[in-house]
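[1] what would the 3D arrangement of this be:
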Amino acid sequence: MELKYIFYFVVGGFVVSVVTYLAGNAKGLLAAFFANLPVITFITFLTIYSEGGEKAVVDYAKGLIVMLFPWLGYIFSVIFLTMRIGLIPSLVLGLITYLVFSYLIITMKKGLS
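    Take a look at the predicted model:
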């Protein structure tokens, strides 16, 4: 196994651990800050660049912008449904929302190409 994958795993695990610790101690905004800190995206951009060059990085970044909308659907599902139906059902419905919106976007993008 290449060393870089171990590094990615450690960085990802560190971010998840920090976010979980902060959120578990009633520091939701600070936890959200660390969760959205672009460390993983930064590393991903560097690795994509090393494997595929600048065009691959730009294509990936554009994809991130497009997939932001399904992700927002997921987050809003969790925000609005957790207190009404519980965490697990709201996560499942949020994930379904994400998958449906993602499928529609990908299908529409293929149709336009």
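
[2] most centrally placed residue in the protein?
    Nearest to the mean C-alpha position of the chain, counting by Cα atoms, centre = their mean, stands Trp71 at 7.3 Å.

[3] can you work out which other helices and strands pack against the longest helix anywhere in the chain?
    Longest helix in the chain by number of residues (criterion: DSSP state H): helix 87-112. For helix 87-112, the packing partners by 3 or more Cβ pairs under 8 Å, 6 or more residues apart in numbering; DSSP states H and E come out as helix 68-85. For the C-beta atoms, the positions are set from N, CA and C on the backbone; glycine is no exception.

[4] ok, back up a step: for the longest helix of the chain, buried residues please.
    Using 16 or more other Cβ atoms under 10 Å as the test for burial, helix 87-112 gives Ser90, Leu93, Gly94, Thr97, Tyr98, Phe101, Ser102.

[5] what's in contact with stretch 104-113?
    Where contact means Cβ atoms under 8 Å, 6 or more residues apart in numbering, the residues beyond stretch 104-113 that reach it are Val66, Met67, Phe69, Pro70.

[6] what do you get if the cut-off is 10 Å, keeping everything else the same?
    Gly63, Val66, Met67, Phe69, Pro70 (Cβ atoms under 10 Å, 6 or more residues apart in numbering).

[7] likewise stretch 44-54?
    4-5, 7-8, 38, 55-61, 64.

[8] list the buried residues for it?
    Per 16+ other Cβ under 10 Å, stretch 44-54 contains these buried residues: Thr44, Phe45, Ile48.

[9] which one of those residues is nearest to Val16?
    Thr44 (15.6 Å; Cβ to Cβ).

[10] next SSE after the helix or strand hosting the closest one?
    Element membership for Thr44 (DSSP states H and E) is helix 39-52. Reading on from helix 39-52 to the C-terminus, the next helix or strand found by DSSP H and E is helix 54-66.
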